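>>> could you look at this predicted model? Sequence included:
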Amino acid sequence: ANAKAVLDDANATQEQADTAFDRLANAMHMLEFFKGNKTDLDKLVTQIEGLNRADYSEVSWNAMLPVLDEAKDVLANENAMQEEVNEAYTELVKAFLELRLKPNKDLLQELINKANGLNAANYTAKSWQALQKEVEKASEVLTDPKADYATVERAIESLKGSIEALEEKTPEVLDGKENAIKTGDSSNMSQLGVVMLLAGAAVVTLRRKKIEE
């Protein structure tokens, strides 16, 4: 206020102007400087540095690195203002959320192997056909080099669901087949027995005729 009064006074002397300047400069030097709060930014940087680079796609990881470096620079700057800290934190959060996990196809391969090792004769035709469709889809995802994490996860869940949804044939159906086989076997054995008895009787009859002659 004093400096403004001197500035507006057309009759102010050079000495008054110099004094007003010195007082204003001294007051500016005494202003308290508030540094930005870096707690959240520091935690986020530490969290990201603890990630395993091999778990993420190279494209998304490389896109995040410059933003991470910028955040580290803000952390290292003792005089960084809160606005700078906030901006660095926001940009790093965005880059972090853009990270994409590499798809792990090992589990998908295991499920495909499991499905292929099942016996179709033990399950209903409808549930078995549904499983085969999912195996075909899963195999396409497995061989697709561009399949991302989400696609692989969906294939895993779909195939797992189809395996769990398989319907076993009822014991009645299996027993019916076994009984049919057993009944057929008994019938064949009975017919064979009759033939053997008739053949034996014929032999006895022929022998008697020869003895009588």
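Nice, I can see it.

>>> so which residue is smack in the middle of the protein?
Centroid-nearest residue in the chain: Glu153, 4.2 Å away (criterion: C-alpha atoms, centre = their mean).

>>> helices and strands of this structure: which one bottoms out on pLDDT?
When the helices and strands of the chain are scored by mean pLDDT, DSSP states H and E, helix 171-212 comes last with a mean of 52.

>>> mind listing the helices in the protein by residue range?
For the chain, the helices defined by DSSP state H occupy 2-8, 14-29, 39-49, 58-76, 82-97, 106-116, 125-142, 149-164, 171-212.

>>> mean pLDDT for those helices: which is lowest?
Lowest mean pLDDT within the helices of the chain: helix 171-212, at a mean of 52.

>>> domain map for the chain?
Domain assignment for the chain, taken from automatic domain parsing, gives 1-31, 39-97, 106-164, 174-213.

>>> now the first one, how far from the centre of its chain.
What separates the centre of domain 1-31 from the centre of its chain is 67 Å, taken as C-alpha atoms, centre = their mean, to the nearest Å.

>>> picking up where we left off before, identify the residue nearest the residue nearest to the centre of the chain in space, chain neighbours excluded?
Computed as C-beta to C-beta, 6 or more residues apart in numbering, the closest residue to Glu153 that is not its neighbour in sequence is Pro103, at 7.7 Å. To be clear about C-beta, it is placed using only N, CA and C from the backbone, and glycine gets the same treatment.

>>> tell me the confidence at that neighbour?
Per the predicted model, pLDDT is 85 at Pro103.

>>> quick one: it and Val152 touch, right?
Yes. Counting by C-beta atoms under 8 Å, Pro103 touches Val152, with 3.8 Å between them.

>>> mutual contacts of these two, please.
Shared contacts of Pro103 and Val152 (C-beta atoms under 8 Å, 6 or more residues apart in numbering): none.

>>> count the residues that sit near Val45.
Residues near Val45, counting by other C-beta atoms under 10 Å, number 19.

>>> contacting residues around it?
With C-beta under 8 Å, 6+ apart, Val45 has these contacts: Leu68, Ala71, Lys72, Leu75, Leu92.

>>> which residues touch Phe21?
Ala3.

>>> and it, how far from Leu68?
From Phe21 over to Leu68 the distance is 45 Å, taken as C-beta to C-beta, to the nearest Å.

>>> cool, Asn86 as well?
From Asn86 to Leu68 the distance is 16 Å (C-beta to C-beta).

>>> compare these two and say which is more crowded by neighbours.
Neighbour totals were compared for Asn86 and Leu68, and Leu68 leads with 19 against 15 (other C-beta under 10 Å).

>>> okay, now the closest residue to the more buried one other than its chain neighbours: neighbour count?
Leaving aside its sequence neighbours, Leu68 sits nearest to Ile48 (C-beta to C-beta, 6+ apart; 6.0 Å). Close neighbours of Ile48, defined as other C-beta under 10 Å, add up to 17.
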